[in-house]
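In: predicted model and sequence follow; I will ask about them next.
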Amino acid sequence: MKITKFGHCCLLIEENGIRILTDPGSYSTVQNEIKNIDIVLITHEHGDHLHIDSLKTLLQNNPNVKIITNKSVGVLLDKENIQYTIIEDGESSSELGILIEGFGKDHAIVYKTVPVQNTGYFVDNKFYYPGDSFTNPNKQVEILALPVAGPWMKLSEAIDYALYIKAKVTFPMHDGILKDPTLGSSMTNKVLTENGLKFEILDLDKEYTF
C-alpha cells in the first residue's frame, strides 16, 4: 500500500492499482489538480475535511470517481446534486476489489450541544483513517492515520489512542493548524518508539510504501 499526504487530512492511498483520496478539505489544494482518482472517502462535514468547491473541481477532473461518505455529508452533497454512496458504522462494501468498512458514529466532542456525525474508514484490512475521532475498530490495524492536533482533542489522547490501537505503522495527520507539524509529532514519536511502535512522519507530496 502506498500513501501520499497532501496536507492536514487529505491523503492518497494506492492499493492494487486503485487510487483513493481522503477528505479533500480547505487545508489542502492538491485535490484541485489530481487525476485518476477512483474513490473519495469523506468522514464528516467540517470544512477542513470537505471543501465543496474543491470537490467539484475534483469531480470535473475525475468524472468517474465514486464518493463514499455518511448521511450528514450526504445532505450537503444533495444540495449540490453530487452523487455519493453511504457507508456508515458497521457497514462495508467491496469497491473495485478494495474492501471499505465504516467505523464510528460521532465526531469527538467539540462542545456538547454541537453533535457531528463522523465515519472512520478502514481500507482493505490494512489502513485505518478515523477522521475526527478516536473510535476503536476492534480489529488489527497495520497502518493508522493518527489525528494529532485540533480543538476537539489533546495530544495525550492521541498518544493513548495510538498505544491502544498498536498499529504496525502510525503517522500523524490532522496537523494543518500547526505552524510546524513536527511540534505535535516529536513527543508522540518518543512515547510510541519507547513502546516498540513505529511512528513515521510523512513529508508532504512524497509517496511512502508500507
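Out: Here it is on my side, so go on.
In: these two touch, right, Pro89 and Asp106?
Out: To be clear, residue 89 is Asp; Pro isn't right here. No - counting by CB atoms under 8 Å, Asp89 sits too far from Asp106 to count as a contact (9.3 Å). Every C-beta, even on glycine, is put in place using the N, C-alpha and C of the backbone.
In: Leu11: how many residues sit nearby?
Out: Look at Leu11: counted by other CB atoms under 10 Å, it has 22 neighbours.
In: list the contacts of it.
Out: 3-5, 21-23, 129, 145, 173 (CB atoms under 8 Å, 6 or more residues apart in numbering).
In: just among those, which is most surrounded?
Out: Asp23 leads these on contacts (other CB under 10 Å) with 29 neighbours.
In: may I have the phi/psi pair for the closest residue to Thr57 other than its chain neighbours?
Out: Leaving aside its chain neighbours, Thr57 sits nearest to Asn32 (4.7 Å; criterion: CB to CB, 6 or more residues apart in numbering). Main-chain torsions, Asn32, degrees, to the nearest 10: phi -80, psi -10.
In: quick check: Asn32 touching Leu59?
Out: No - using CB under 8 Å as the test, Asn32 is too far from Leu59 to be in contact (11.1 Å).
In: before we move on, what SS does Ile159 have?
Out: Under DSSP: H, G, I helix; E, B strand; the rest coil, Ile159 falls in the helix class.
In: what about it, how many residues close to it?
Out: 20.
In: then Leu12?
Out: If we define neighbours as other CB under 10 Å, then Leu12 has 19 of them.
In: the residue nearest to the spatial centre of the chain and Asn16, how far apart?
Out: Of all residues in the chain, the one closest to the mean position by CA atoms, centre = their mean is Tyr129, 4.3 Å from it. Counting by CB to CB, to the nearest Å, the separation of Tyr129 from Asn16 is 18 Å.
In: quick one: the strands in the chain?
Out: 2-7, 10-15, 18-22, 39-41, 66-69, 85-86, 92-95, 98-103, 120-123, 127-129, 143-147, 169-173, 198-199, 207-209 (DSSP state E).
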